[in-house]
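S.K.: Fold the following.
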Amino acid sequence: MPRIHIMRPSSVAILGGVILAGFTVWITRQAKALERDLDVTSQKIVLLDKPAPDFHLTSFDGRAVNLADYRGKKKLVLVFWATWNNGSHPEMNLLSVLYQRFHTPDSDFDIVGIAVDDDQAAVKQYAADTRLPFPLVLDHNRAVTNAYQIRSLPTALIIDAGGKVTYGGVGFGRDRQGDFARRLGLSPGDFRMEMGAPRVRGN
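M.R.: Prediction:
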């Protein structure tokens with residue numbers, strides 16, 4: 001009977017396999033950690049509890065919009081968004097309903113939408129289609145977006161009457177809506193979002 005030779009892996013090959021497996025596990029963990037770090041960094045509000053940079057813009061209906069005009073008078077909500085960012089649309093709809101239902105000339109807050117778009121026509125069309133009740137401005141060359149160090153869209157900031165950023169959040173998840181409402185002097189139950197559509201008290 002012919003002798004059968006069984007090829008056994010050498011110790012070098014075994015060691016190489018162990019090293020490769022270890023490296024694969026390590027690189028996978030590093031990639032996941034980097035992904036988590038990038039996600040946290042992208043949602044970090046750099047100017048929280050710091051003075052808000054001034055800006056001078058013109059809304060699509062021709063109104064001058066300057067941060068200095070609100071100082072000492074009322075809180076200002078800045079919403080950084082874009083027509084090409086699908087996540088921005090539900091937030092803008094929600095804020096539109098909120099503004100229509102709860103904002104009056106005597107309210108101590110106002111809202112300004114800052115469009116981070118390169119296509120001015122697209123923003124004008126969006127404004128015409130949605131009939132947003134608060135001022136909408138185009139951030140030319142993203143000067144204001146960069147000044148506020150915005151890294152994700154949509155991002156909402158609240159600037160107090162003293163000119164300091166007191167709130168910042170990416171998106172309007174349910175965990176943020178209550179805090180946002182309280183900071184505007186509203187009840188946390190005054191608005192919420194379910195199934196991607198705005199829901200307002202009384203609806």
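S.K.: any weak-confidence spans in the chain?
M.R.: Low-confidence segments of the chain (pLDDT under 70): 1-43, 172-175, 188-203.
S.K.: what are the ranges of the strands in it?
M.R.: Taking DSSP state E as the test, the strands found in the chain are 56-58, 64-66, 75-81, 109-115, 136-138, 155-159, 165-170, 191-194, 197-200.
S.K.: Could you dump those strands into JSON lines and include distance to Ile45?
M.R.: Where C-beta positions appear, they are placed from N, C-alpha and C, glycine not excepted. As requested, those are arranged in JSON lines below (distance: least, CB to CB, whole Å):
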{"stretch": "strand 56-58", "distance to Ile45": "21"}
{"stretch": "strand 64-66", "distance to Ile45": "21"}
{"stretch": "strand 75-81", "distance to Ile45": "11"}
{"stretch": "strand 109-115", "distance to Ile45": "15"}
{"stretch": "strand 136-138", "distance to Ile45": "20"}
{"stretch": "strand 155-159", "distance to Ile45": "7"}
{"stretch": "strand 165-170", "distance to Ile45": "3"}
{"stretch": "strand 191-194", "distance to Ile45": "21"}
{"stretch": "strand 197-200", "distance to Ile45": "24"}
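S.K.: can I get the ones you listed in CSV with distance to Leu48 and mean neighbour count?
M.R.: Below are the strands of the chain laid out as CSV (distance: least, CB to CB, whole Å; neighbours: other CB atoms under 10 Å):
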stretch, distance to Leu48, mean neighbour count
strand 56-58, 22, 15
strand 64-66, 22, 14
strand 75-81, 13, 22
strand 109-115, 17, 23
strand 136-138, 22, 22
strand 155-159, 8, 23
strand 165-170, 5, 19
strand 191-194, 23, 16
strand 197-200, 26, 15
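S.K.: looking at those, which is closest to Ala122?
M.R.: When the strands of the chain are compared by CB to CB, strand 109-115 sits nearest Ala122, at 8.7 Å.
S.K.: so what's Val112 up against?
M.R.: Residues near Val112 by CB atoms under 8 Å, 6 or more residues apart in numbering: Ser59, Val65, Leu76, Val77, Leu78, Val79, Phe134, Pro135, Leu136, Val137.
S.K.: in the sheet, who's paired with it?
M.R.: Beta-bridge partners for Val112, by DSSP bridges, are Leu78.
S.K.: cool, Thr58 as well?
M.R.: Bridge pairing for Thr58 - DSSP bridges - gives Ala64.
S.K.: Surely it is in contact with Ala64?
M.R.: Yes - Thr58 is within contact range of Ala64, at 6.0 Å (criterion: CB atoms under 8 Å).
S.K.: picking up where we left off before, so which of the strands of the chain gets nearest Lys44?
M.R.: Judged by CB to CB, the one of those that comes nearest to Lys44 is strand 165-170, at 8.7 Å.
S.K.: For that closest one, C-alpha coordinates in CSV please.
M.R.: Coordinates of each C-alpha in strand 165-170 appear next as CSV, following Å, rounded to 0.1, in the frame of the first residue of the first chain:
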residue,chain,number,x,y,z
VAL,A,165,-25.5,80.0,22.0
THR,A,166,-27.5,78.2,24.7
TYR,A,167,-28.7,75.2,22.7
GLY,A,168,-27.6,73.2,19.8
GLY,A,169,-28.9,69.9,18.3
VAL,A,170,-28.6,67.9,15.1
